[in-house]
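Colleague: turn this into a structure:
(one chain, ligands or ions: 1)
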Amino acid sequence: MVHRKFTGSVPSYSAALLTLGAAAIHFAAAPGHFSEYLLYGIFFILLGAAQVALAVGLIVKPSRRLYALALLGTLAVIGLWLMSRTTGLPIAPRPWRPEEIAFPDFAATLLEAIACVLFAFRVRRPSARRRGVVRVVLRTLPAGLFAPLLAFGGVGGALTPMPAAFNAAPFVAGQTSISLVNLVAPDGTQPLKEFTLTASQITVGGHKAWAYNGTVPGPELRVEQGDRVRVTLVNHLPDATSIHWHGINVPDAMDGVAGITQNAVPPGGTFTYEFIADQAGTYWYHSHQDAMNQIPDGLVGSIVVEPKDASKSRIRDYSVLVHAQPGSDAIEVNGTSSLRLDAAPGDTVRLRITNGAVPGLDLSPLTPVLVGAPYVVAALDGHDLNGPQELGPERIPLGMGQRADLMFTMPETGAVRLLGLKRVMFPWNSPSTPVVTIGDGPAPASVNVASLPRFDFTRYGTPAPDAVADAGQYDVTREIILGGGIAFRNGNVDFTDTFSGKTSPNIPPIRVREGQLVRLRVVNPGDHGLHPIHIHGHVFTVLAKNGHPLTGSPVHTDTVLVGPHETWDVAFKADNPGIWMLHCHILEHAAAGMSMTINYDGVSTPFTMGSRSGNVPE
Ligand SMILES: [Cu+2]
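Modeller: Okay, here's the model as predicted:
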């Protein structure tokens, strides 16, 4: 074989392709960077242009010097990128603040890193042999497949960034509207109950936790129906936060949704929430800024509104909040894995159970079971049921965010227990299951929880007239089909969860006027996925499951759990003007797109969600 030496170097088509792929991603990312920070935008255009010029040079006039230059330049770009993702850059909209890594970063950097290996190779061996066309094509094939694929992902991600500042209900010039910040509790002489909740970072069991007043969960807030409740949130966390009053139909400005009803409260800031607690029941409060992380980190607590006419004698009334143990797969009840509650024989006990725990990977609801005494399900989501019948042990499905009040009489001897609080993370990892024991004495005989029947509220209790269910006609109807799939969203290739094929913020809002009756049909055509769909500021009247109307008590909830192949019809009266969220209460699903708003005509919001506003409700 004849070796033909030549002075230059041979082109590396692979290195050129990889460099072009990175350039494409940088061009696609430039518009987003322009809107974020002018210098970044210019930098990305120049970088992309330099990479195109380099790729052309590598093919047209390859030389050892060019390969060396390419290696140093690309290494410098990778170094800058690493710095921006770890320590942050000195010249930036927020100097020395590291940025998050999205798919386009990963794709561009990987292409550049592989190109660097090829550059280095050519610098070490400048006088390679020229090869036949077939061999060149075969050697270029891996990069020829890999570079376009990664560039496609990177460009797609870069062209669909998280919105910088999305307004769910902008003020429109020429239209009469009021800003929701004016939608507050009217003045009055109600008895005032004041609380301060200071959010701060603590350590529980060696794990970092975010806590209200130094405990996970936060303190139980107990008020009486008709009280004026005033809660001051003080933020001592390193990040912004907010508080949402889950299930309580507060005035819109007090709903605590960052980016819709307020700006997230910055570190060092405060916000005072005020509302009149006119609905008795079991509710909970939690962060609605970055809720996907802040709720499991510990920012949760119970709030109980006792009925005004409560005869408190001989009633033992307990809130039982099931929540994630921060930094662990385990769940706890009121901050412990073994909760003991006092009760004497003959006492009437009301257990207010709230599921504040993110479900395990199978997404199944919690199914608490009370053993040791017959009981009634007195209320769901804080709303009393009519004529509830006594039950033996049954599993009560509670999706995340849902509540059930169980009432029973303590037996003459022995304790009563709440079991079945099991969350399956992985089939091979079943974390410990918390137990609640009520009263003293021997524990009740053990039961096989998995074999017990499931409570079905669609045929429980006694029928009664119901204004919304009996209306039969609705002014506004909307079908919401639950789904999902892989798509480009928020700068990444990601799993998305969708309402009727769309993700937030691109789901058209439900537009209503005050006084209208609204019916929603929520359809889950999938084989898996249980979605607790939660409404803010209103209460659902459950109309039908799979087309079958309820046969027992009217049921009023703020969350409807929609299982595989289920269709639920719910309705509500539009009686609380504002801009309100409707979202899946599995916060990962909400963050992946299952979130929309109910917009009242004539109401606008000054707040925005997105990367620039810093408001990320989920
Ligand atoms: Cu969901």
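Colleague: from here on, just use CA atoms for contacts and neighbour counts.
Modeller: Noted.
Colleague: what's the pLDDT at Phe166?
Modeller: Per-residue confidence (pLDDT) for Phe166: 89.
Colleague: who's it bridged to?
Modeller: Counting by DSSP bridges, Phe166 forms beta bridges with Met609.
Colleague: where's the residue of the stretch 251-400 of the chain found nearest the ion relative to Asp475, distance?
Modeller: Nearest to the ion, among the residues of the stretch 251-400 of the chain, is Leu363, at 8.4 Å (C-alpha to the ion). Going from Leu363 to Asp475 by C-alpha to C-alpha, to the nearest Å gives 34 Å.
Colleague: got a list of what the residue of the stretch 251-400 of the chain closest to the ion touches?
Modeller: 529-530 (C-alpha atoms under 8 Å, 6 or more residues apart in numbering).
Colleague: was I right to think Thr605 contacts Val172?
Modeller: No - counting by C-alpha atoms under 8 Å, Val172 is not a contact partner of Thr605; they are 10.5 Å apart.
Colleague: who's more crowded, those two?
Modeller: Thr605 (22 against 10; other C-alpha atoms under 10 Å).
Colleague: ok, now which ones touch the more buried one?
Modeller: Contacts of Thr605 by C-alpha under 8 Å, 6+ apart are 167-171, 179-181, 260-261, 579.
Colleague: buried subset of the residues you listed as a PyMOL selection?
Modeller: What follows is the PyMOL syntax for the buried subset of those, where burial is set by 16 or more other C-alpha atoms under 10 Å:
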select buried, resi 167+168+169+171+179+180+181+260+261+579
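Colleague: as a markdown table, the contacts of Thr605 with distance to the ion and secondary structure would be great.
Modeller: Shown next, in a markdown table, are those (distance: C-alpha to the ion, whole Å; DSSP: H, G, I helix; E, B strand; the rest coil):
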| residue | distance to the ion | secondary structure |
| --- | --- | --- |
| Asn167 | 23 | coil |
| Ala168 | 21 | coil |
| Ala169 | 24 | coil |
| Pro170 | 27 | coil |
| Phe171 | 31 | coil |
| Ser179 | 30 | strand |
| Leu180 | 28 | helix |
| Val181 | 29 | helix |
| Ile260 | 21 | coil |
| Thr261 | 23 | coil |
| Ile579 | 21 | strand |
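Colleague: lowest-confidence entry in the contacts of Thr605?
Modeller: Among those, Phe171 has the lowest pLDDT, at 87.
Colleague: and the gap between it and Val231?
Modeller: 29 Å.
Colleague: next: Gln516.
Modeller: 31 Å.
Colleague: what about these two, which has more around it?
Modeller: Val231 (18 against 14).
Colleague: check which helix or strand covers that one.
Modeller: strand 228-235 (DSSP states H and E).
Colleague: and Asn429, what pLDDT?
Modeller: Value listed for Asn429 in the pLDDT field: 65.
Colleague: Thr433 too?
Modeller: So Thr433 comes in at 86 (pLDDT).
Colleague: what's the answer for Gly32, then?
Modeller: 81.
Colleague: so it makes contact with Pro161?
Modeller: Yes - assessed by C-alpha under 8 Å, Gly32 is found in contact with Pro161 at 7.2 Å.
Colleague: picking up where we left off before, sec struct for the residue of the stretch 251-400 of the chain closest to the ion, please.
Modeller: Using DSSP: H, G, I helix; E, B strand; the rest coil, the three-state assignment for Leu363 comes out as coil.
Colleague: how about the residues of the protein by the ion?
Modeller: 531, 584, 586, 589 (C-alpha under 5 Å from the ion).
Colleague: tally up the residues packed near the residue in the stretch 401-550 of the chain that the ion sits nearest to, please.
Modeller: At 3.6 Å from the ion, His531 is the closest residue in the stretch 401-550 of the chain, using C-alpha to the ion. Number of residues near His531 (other C-alpha under 10 Å) recorded here: 27.
Colleague: stretch 360-367: which residues count as buried?
Modeller: Buried-residue list, stretch 360-367, by 16+ other C-alpha under 10 Å: 360, 363-367.
Colleague: in the longest helix seen in the chain, what counts as buried?
Modeller: Ranked by residue count under DSSP state H, the longest helix found in the chain is helix 133-159. Within helix 133-159, the residues that count as buried by 16+ other C-alpha under 10 Å are 140, 143-144, 146-148, 150-159.
Colleague: looking at the residues you listed, spot the one nearest Ala379.
Modeller: The shortest approach to Ala379 among these belongs to Gly157, at 45.7 Å (C-alpha to C-alpha).
Colleague: that closest one contacts Ala487, doesn't it?
Modeller: No - under the criterion of C-alpha under 8 Å, Gly157 is not in contact with Ala487, lying 9.1 Å apart.
Colleague: so what's in contact with these two at the same time?
Modeller: With C-alpha under 8 Å, 6+ apart, Gly157 and Ala487 have common neighbours Val493.
Colleague: kindly export stretch 144-154 (C-alpha atoms) in CSV.
Modeller: In CSV, the C-alpha atoms belonging to stretch 144-154 read as follows (Å, rounded to 0.1, in the frame of the first residue of the first chain):
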residue,chain,number,x,y,z
GLY,A,144,-23.8,11.5,11.5
LEU,A,145,-26.6,9.8,13.4
PHE,A,146,-25.7,11.0,16.9
ALA,A,147,-25.2,14.7,16.3
PRO,A,148,-28.5,15.4,14.5
LEU,A,149,-30.4,13.4,17.1
LEU,A,150,-28.9,15.3,20.0
ALA,A,151,-29.2,18.6,18.1
PHE,A,152,-33.0,17.8,17.5
GLY,A,153,-33.5,17.3,21.2
GLY,A,154,-31.5,20.3,22.2
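Colleague: which one of the residues in the stretch 1-150 of the chain is closest to the ion?
Modeller: Ala102 (23.3 Å).
Colleague: next one: phi and psi at that residue?
Modeller: phi -110, psi 170 (degrees, to the nearest 10).
Colleague: how near is it to Pro577?
Modeller: 38 Å.
Colleague: the two: which is more packed in?
Modeller: Pro577 (22 against 16).
Colleague: isn't that one up against His538?
Modeller: No - if you go by C-alpha under 8 Å, Pro577 and His538 don't touch, sitting 9.9 Å apart.
Colleague: picking up where we left off before, skipping adjacent residues, who's closest to the residue of the stretch 401-550 of the chain closest to the ion in space?
Modeller: Val562 (5.2 Å; C-alpha to C-alpha, 6 or more residues apart in numbering).
Colleague: who touches the one you found in this structure?
Modeller: Counted by C-alpha under 8 Å, 6+ apart, Val562 has contacts 522-524, 530-533, 568.
Colleague: over to Val257?
Modeller: Counting by C-alpha under 8 Å, 6+ apart, Val257 has contacts 242-244, 264, 288-289, 617.
Colleague: which is the succeeding secondary structure element to whichever strand or helix holds Val518?
Modeller: When elements are assigned from DSSP H and E, Val518 belongs to strand 517-524. Remark: after strand 517-524, the chain's next helix or strand is strand 531-535, criterion DSSP H and E.
Colleague: tell me the first helix or strand C-terminal of that following strand.
Modeller: Past strand 531-535, the next helix or strand by DSSP H and E is strand 540-545.
Colleague: okay, now the unreliable bits of the stretch 101-250 of the chain?
Modeller: 126-130 (pLDDT under 70).
Colleague: any idea which residue of it lies closest to the ion?
Modeller: His246 (16.8 Å).
Colleague: what about Ile486, how many neighbours?
Modeller: 11.
Colleague: try Ile45
Modeller: For Ile45, using other C-alpha under 10 Å, the count is 20.
Colleague: for it, list the residues it contacts.
Modeller: Applying C-alpha under 8 Å, 6+ apart, the residues near Ile45 are 26-27, 30.
Colleague: could you rerun that using 10 Å?
Modeller: Taking C-alpha atoms under 10 Å, 6 or more residues apart in numbering as the criterion, Ile45 is in contact with 23, 26-31, 33-34, 51.
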